[in-house]
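My questions concern the predicted model and sequence given below.
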Amino acid sequence: LEILEQMPQLNLNSPSFGATEGIIRARFTNISELTKKLIRSQPMNIAGMDWSIMICRKMDSGNKYLSVFLARAEKLPFPSWSCTTSFTINLINTSDMTSIHSKESVEGYVYLPHQHPGWGYGKFILFEDLKKPTHSKEDTILISIDIKAFPSTFISK
């Protein structure tokens, strides 16, 4: 696993001012040996919080899928903590670093970590499609997640 970069940015002219944006990228190796056990990337700090990418294999109706999720990577600031987010998960072409497959979240998704350890797509892409030369190289894939996060600023009892 290799974290390539984090590119935090805050656009003060954006209609979503108040959010913190960033990109987390991770290289995952030995994809053909992936099981249903979650594999987690090294954490990256975006919006003052540590986030990681989680991947695993999922079987459904005889088809094998790559599952990709975004998750908080540290202890919660307080038990009722939540975060409103939007994100895009990308499979990156390792040759030219362009996105070759992506899925976006619903804008304004509320992340409640006490209910779910992460969120994303159980059926991000078929494993069969990962065999294409543009999708993986030497049993390795590169996943990128663009994140826009609005952490909660209140404590509810």
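That came through, no problem. Numbering: from 1, shown residues only.

only C-alpha atoms for contact and neighbour calcs from this point on.
Fine.

which stretch of helix or strand covers the residue nearest the centre of the chain?
Centroid-nearest residue in the chain, with CA atoms, centre = their mean: L70, separated by 3.5 Å. For L70, the host element (DSSP states H and E) is strand 63-72.

again, but for M97
With DSSP H and E as the test, M97 turns up in no helix or strand.

Which parts of this structure are helices?
127-130 (DSSP state H).

Okay, now the unreliable bits of it?
1-19, 74-81, 107-117, 152-157 (pLDDT under 70).

Tell me where it has strands.
Ranges of strands in the chain, per DSSP state E, are 2-6, 20-29, 39-40, 44-46, 49-60, 63-72, 83-92, 99-104, 109-111, 119-126, 140-151.

Please tabulate the ones you listed in a markdown table, including the columns distance to T134.
Output for the strands of the chain, formatted as a markdown table (distance: least, CA to CA, whole Å):
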| stretch | distance to T134 |
| --- | --- |
| strand 2-6 | 19 |
| strand 20-29 | 15 |
| strand 39-40 | 23 |
| strand 44-46 | 26 |
| strand 49-60 | 19 |
| strand 63-72 | 16 |
| strand 83-92 | 9 |
| strand 99-104 | 8 |
| strand 109-111 | 31 |
| strand 119-126 | 14 |
| strand 140-151 | 10 |
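
I appreciate the help and will end here.
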